[in-house]
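S.K.: coordinates only, sequence not included:
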């Protein structure tokens, strides 16, 4: 007789309860016994805080929390699985050998992934996309289980070479594990970074939209699980991403395997120099645009850990090289008094919202400076919760320019009282041009989180556990206050460094290994460690002191 086990089951929005099952039962069987009707929103489970797929068998007492596709973990699984669904549908529609065509998932573009079809005989048309979408819906309706199997890494690499997927083959060349997992949907198999949903029936919401020389696989909103009413690609963001991609192709580094090969061949130092030279040229070009447009107020915004401080310093240096006198101004000094600060739904002060800013004072101060007046500049005392005027006065001369940094700098409300031709808005973010392979992206969010983990440990003494725990709140603020206004920018600056993950690896790994196994942040730490394992580390001594990377790993010449 099978042994009985006692499990505590938690479902989204419901209280936990205990139940007895037979040892060896799968998570999926427990889910079916726990949820009446449609259970397709549930995609995985945390078993004693360890992420498991629903095919996992339980042989002991355990605490089980089923997670939906509306959670961060579940949504990542949904997106990965949606890519597999799309690739299978393309294979069925084209009905060609895989070596005769290739689909590449390039980068995140708003609420979707930009994809490109490389096939000399087939063009992306509305008719083709309609056929692929129809096939995807058929596969969803069939509710086919996604399978997983393990093979010898060397054999898997050879198979990907034969399928003309060099990025995957190159990735597996540097994989330490002797065996590798691949997922399959009917006759289509692929390698993915992370777990997948249990079946195609979970993937109900998606769309395909043609864009430029490719198409966008549109994904639903995480919070609602529904598609946006109408997808609109962020054109300026796409332009920056495309330039970064083209630059990577010129260097023959478009994926992790190619980057690792460059490191193995001894080319890391030269790669660093080339990257730094390109970044300096981009900053100089932006400075020239500011001077040519005779702009007097530069407004800089971007998500956390984009390198805004170093960028602002280097831009100021370029402006000084052109005879300008830049004056840094932090928008944080224009907070409302604490008693006037709005509160969130929980009754806490909401310092992230635009309503926390004294925009009347900010607009008035900027207008007076533009008019040539001498102005008392405030400093916000966060201890007292009020602005302080301590004799810091500012008056603009002919060659002066104001360099303003803040999360609301691109919000039109921040400059509504100023002449339209007086300001120059810059959006900065780490828009990673590198992918893991043809079908696995490197998330810009992951790059920034690793930067912040390393910087916060060095400058604030924060553990990786604390930084990871705060990250969801940081991300919510970015979604509300920064990303909606990125297309307002006059210029976009990509702060991603093609060599940065091999550089930051040695600083991040010890911090991530320090995250306790029983903490809520352990899964995320483990996921990031697996991600960093793809990269061969490099010596950081040859990274210049003025490099943006120094803002995070230390040893820089700017005060951070």
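M.R.: Received the coordinates, thanks. Since this is a predicted model, take the numbers as computed values, not measurements. Numbers count the residues shown, from 1 in each chain.
S.K.: Buried residues, the lengthiest helix in the chain. List them.
M.R.: Counting by DSSP state H, the longest helix found in the chain is helix 268-292. Buried positions in helix 268-292, judged by neighbour count with 16 or more other Cβ atoms under 10 Å: 268, 271-272, 274-276, 278-280, 282-284, 286-287, 290-291. To be clear about C-beta, it is placed using only N, CA and C from the backbone, and glycine gets the same treatment.
S.K.: Now do that helix: distance to the chain's middle.
M.R.: With Cα atoms, centre = their mean, to the nearest Å as the basis, helix 268-292 stands 23 Å off its chain's centre.
S.K.: just checking, next helix/strand downstream of that helix?
M.R.: Sequence-wise, the next helix or strand downstream of helix 268-292 (DSSP states H and E) is strand 297-301.
S.K.: Quick one: residues contacting residue 253.
M.R.: Residue 253 makes contact with 259, 262, 271, 434, 498 under the criterion Cβ atoms under 8 Å, 6 or more residues apart in numbering.
S.K.: For residue 321, which residues are in contact?
M.R.: Taking Cβ under 8 Å, 6+ apart, we find residue 321 in contact with residue 287.
S.K.: re earlier: going by distance to residue 545, which of the buried residues of helix 268-292 wins?
M.R.: Lowest distance from residue 545 to the buried residues of helix 268-292 (Cβ to Cβ) belongs to residue 276, with 10.8 Å.
S.K.: Go ahead and confirm that closest one touches residue 547.
M.R.: Yes: between residue 276 and residue 547 there is a contact under Cβ atoms under 8 Å: 5.9 Å.
S.K.: pLDDT below threshold where in the chain?
M.R.: Low-confidence segments of the chain (pLDDT under 70): 1-2, 13.
S.K.: if you set the cut-off to 80 instead, what comes out?
M.R.: 1-2, 12-14, 120, 560 (pLDDT under 80).
S.K.: Let's check: the centremost residue of it is which one?
M.R.: residue 445 (2.3 Å; Cα atoms, centre = their mean).
S.K.: for that one, what are its contacts?
M.R.: Residue 445 neighbours (Cβ under 8 Å, 6+ apart): residue 475.
S.K.: Enumerate the positions of the host helix or strand of it that are buried.
M.R.: Per DSSP H and E: residue 445 is located in helix 444-459. Applying a neighbour-count criterion of 16+ other Cβ under 10 Å, one finds 444-457 buried in helix 444-459.
S.K.: do stretch 224-235 as well
M.R.: Residues of stretch 224-235 classed as buried under the neighbour-count rule (16+ other Cβ under 10 Å) are 227, 231, 233, 234.
S.K.: Turn those residues into JSON lines, including secondary structure and distance to residue 140.
M.R.: Output for the buried residues of stretch 224-235, formatted as JSON lines (DSSP: H, G, I helix; E, B strand; the rest coil; distance: Cβ to Cβ, whole Å):
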{"residue": "227", "secondary structure": "coil", "distance to residue 140": "14"}
{"residue": "231", "secondary structure": "coil", "distance to residue 140": "19"}
{"residue": "233", "secondary structure": "coil", "distance to residue 140": "24"}
{"residue": "234", "secondary structure": "coil", "distance to residue 140": "28"}
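S.K.: List just the nearest of those residues to residue 99.
M.R.: residue 233 (30.2 Å).
S.K.: can you pull out the helices in the stretch 1-150 of the chain?
M.R.: Residue ranges of the helices in the stretch 1-150 of the chain, as given by DSSP state H, counting those that start in this stretch, are 27-34, 72-94, 126-142.
S.K.: out of those, nearest to residue 174?
M.R.: With Cβ to Cβ as the criterion, residue 174 lies closest to helix 72-94 of those, at 21.2 Å.
S.K.: What angle do helix 444-459 and that closest one make with each other?
M.R.: Relative orientation of helix 72-94 versus helix 444-459 (axes from the mean of the first three to the mean of the last three Cα atoms, to 10 degrees): 150 degrees.
S.K.: who touches stretch 36-46?
M.R.: 11-12, 27, 31-32, 35, 51-54, 56, 64-70, 73-74, 77-78, 195, 197-199, 201-202, 204, 225, 523.
S.K.: which parts of that stretch are buried?
M.R.: Neighbour-count burial for stretch 36-46 flags 39, 40, 41, 42, 43, 44, 45, 46 (criterion: 16+ other Cβ under 10 Å).
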